[in-house]
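**Student:** give me coordinates for this.
(4 chains, ligands or ions: 2)
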Protein chains: 2
Amino acid sequence: MLQLTKRTEYGLLALVHLADREGAVASVREICERYPLPKRTLAEVLKDLQHAGLVESTRGSSGGYTLARSPLRVTLGDVVRALEGAPPLTTCESPIVLKGGGCEVQPNCPIRSPIQRVRERLWQLLEHTTLHSLVSGAPHVSLGALGAVESHR
Amino acid sequence: MLQLTKRTEYGLLALVHLADREGAVASVREICERYPLPKRTLAEVLKDLQHAGLVESTRGSSGGYTLARSPLRVTLGDVVRALEGAPPLTTCESPIVLKGGGCEVQPNCPIRSPIQRVRERLWQLLEHTTLHSLVSGAPHVSLGALGAVESHR
DNA sequence: GGCAATTAGCACCTTTTGAGTGCGCTTTGG
DNA sequence: CCAAAGCGCACTCAAAAGGTGCTAATTGCC
Ligand code: SF4
Ligand code: SF4
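**Tutor:** Ligands and ions are numbered 1, 2, ... in the order given. Prediction:
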């Protein structure tokens, strides 16, 4: 399905919150006070984001999370990659489905390569949506990028 | 998850097959002989495509399906819409989740509107990928899309 | 007319995936 | 020492997707 998971949504909300209080640590509890999210699940998400290097954590009594990079250098793509893995789009490129030896159609699949291209475009779209463009709602997606790709053909 | 369903994949394969034999009817059996797909499921998919007006069906002994429109006028977006419904991206815009009264964060959700924009871009990406661009693998995605809109449609 | 092939419709079961929670451990400031 | 916070793992529960059974309805062909 073409839909972000709730985990990704939670992660984005958390990141936005962190972006607001620049530098200051924010605990899971604090975020949950602002947005009514399931505390534990959000904690899992933050942990994954920490693993991916998007946030830094401080443990202990007055601990919490802070952004690891500037909101300008955190993209939707980063978040999705951290929380869902790279979007496969097609089932064949999914790292999981390689169990059964992959898709049987693959040898003569007419749609594989074209869909691959669509996938790349989608990926670019995500990669060029910065966290900053989310907080400062205005300047939306920053898509000079996608235009550029088109022109060099 | 950011992934097309298998149903969509099956649908695309079927449509490509139909595009090859221009005008000639192709039965489910015939398609399954070319690609090793579960016959019954593919039948369901074709039926849905028929409902959406993407293909026309002829019943009876030598029946089957034909394309309802030129491959130039069938887009990936059409197929996805027919087989998965419009991509919600966010859980709030999903037609289903409106059961529980919607998202509780919504009143002061900082990411809703920005993600909405991303969703629109994604939708455009799908809408401007024609079936023709899939069969004649070459001219990839026809992405004047995101800037200048293509002539067809 | 009868038969075989094919689509139509609906309901059901199975598998997979995602969401959420239990529980104990570790760290750290007061 | 203690309370508050993050860490790690594994587990349950619910929803979605994938797939199948069965029974019509239609139509070409013998
Ligand atoms: S090879 Fe083709 S049919 Fe098989 S999973 Fe990839 S895109 Fe789909
Ligand atoms: S309102 Fe915001 S948090 Fe709630 S579902 Fe929509 S995007 Fe997600």
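**Student:** so the closest residue to A:Leu37 other than its chain neighbours is in which element?
**Tutor:** Once flanking residues are discounted, A:Leu37 sits nearest to A:Tyr10: 5.6 Å by CB to CB, 6 or more residues apart in numbering or on different chains. C-beta: built from backbone N, CA, C; applies to glycine. A:Tyr10 belongs to helix A:6-20 when elements are defined using DSSP states H and E.
**Student:** ok, the residue nearest to A:Leu37 to DNA strand C distance?
**Tutor:** Using CB to the nearest atom of the strand, to the nearest Å, A:Tyr10 is found at 7 Å from DNA strand C.
**Student:** residues contacting that residue?
**Tutor:** Contacts were defined as CB atoms under 8 Å, 6 or more residues apart in numbering or on different chains; by that measure A:Tyr10 touches A:Leu37, A:Thr41, A:Leu42, A:Val45.
**Student:** repeat that for A:Leu15.
**Tutor:** By CB under 8 Å, 6+ apart, the residues touching A:Leu15 are A:Leu49, A:Leu54, A:Val55, A:Leu67, A:Pro71, A:Val74, A:Val79, A:Leu131.
**Student:** against A:Leu15, how distant is the fourth one?
**Tutor:** Relative to A:Leu15, A:Leu67 is positioned 7 Å away (criterion: CB to CB, to the nearest Å).
**Student:** now the helix holding A:Tyr10, how far from the centre of its chain.
**Tutor:** 10 Å (CA atoms, centre = their mean, to the nearest Å).
**Student:** and what of stretch A:104-117?
**Tutor:** Using CA atoms, centre = their mean, the mean C-alpha position of stretch A:104-117 is found 26 Å from that of the whole chain.
**Student:** isn't A:Leu42 up against A:His17?
**Tutor:** No: A:Leu42 is beyond contact range of A:His17, at 10.5 Å (criterion: CB atoms under 8 Å).
**Student:** give me the common contacts of these two.
**Tutor:** With contacts taken as CB under 8 Å, 6+ apart, the residues that reach both A:Leu42 and A:His17 are A:Ile31.
**Student:** which residues touch the one residue in chain A that gets nearest to ligand 2?
**Tutor:** Proximity of chain A to ligand 2 (CB to the nearest ligand atom) peaks at A:Glu9, 4.4 Å away. Contacts of A:Glu9 were listed using CB under 8 Å, 6+ apart, and they are B:Thr90, B:Thr91, B:Ile111.
**Student:** repeat that with 7 Å
**Tutor:** Applying CB atoms under 7 Å, 6 or more residues apart in numbering or on different chains, one finds that A:Glu9 lies in contact with B:Thr90, B:Thr91.
**Student:** could the contacts of A:Tyr10 go into a markdown table alongside neighbour count, distance to A:Glu30 and pLDDT?
**Tutor:** What follows is those, written out as a markdown table (neighbours: other CB atoms under 10 Å in any protein chain shown; distance: CB to CB, whole Å; pLDDT from 0 to 100):
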| residue | neighbour count | distance to A:Glu30 | pLDDT |
| --- | --- | --- | --- |
| A:Leu37 | 21 | 12 | 93 |
| A:Thr41 | 13 | 16 | 97 |
| A:Leu42 | 20 | 11 | 98 |
| A:Val45 | 27 | 15 | 98 |
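**Student:** how close does A:Val28 get to B:Leu67?
**Tutor:** Using CB to CB, one gets 53 Å for the distance from A:Val28 to B:Leu67.
**Student:** and the contacts of stretch A:34-46?
**Tutor:** Surrounding stretch A:34-46, the residues in contact under the criterion CB under 7 Å, 6+ apart are A:7, A:10-11, A:13-14, A:17, A:28, A:31-32, A:55, A:65, A:83, B:104-105.
**Student:** could I have the buried ones of those as PyMOL selection syntax?
**Tutor:** The following PyMOL command selects only the buried members of these, with burial defined by 16 or more other CB atoms under 10 Å in any protein chain shown:
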select buried, (chain A and resi 7+10+11+13+14+17+28+31+32+55+65+83) or (chain B and resi 105)
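**Student:** identify the farthest-apart pair in the contacts of stretch A:34-46.
**Tutor:** Using CB to CB, the pair of the contacts of stretch A:34-46 lying farthest apart is A:Val55 and B:Glu104, separated by 23.9 Å.
**Student:** I am finished for the moment; much appreciated.
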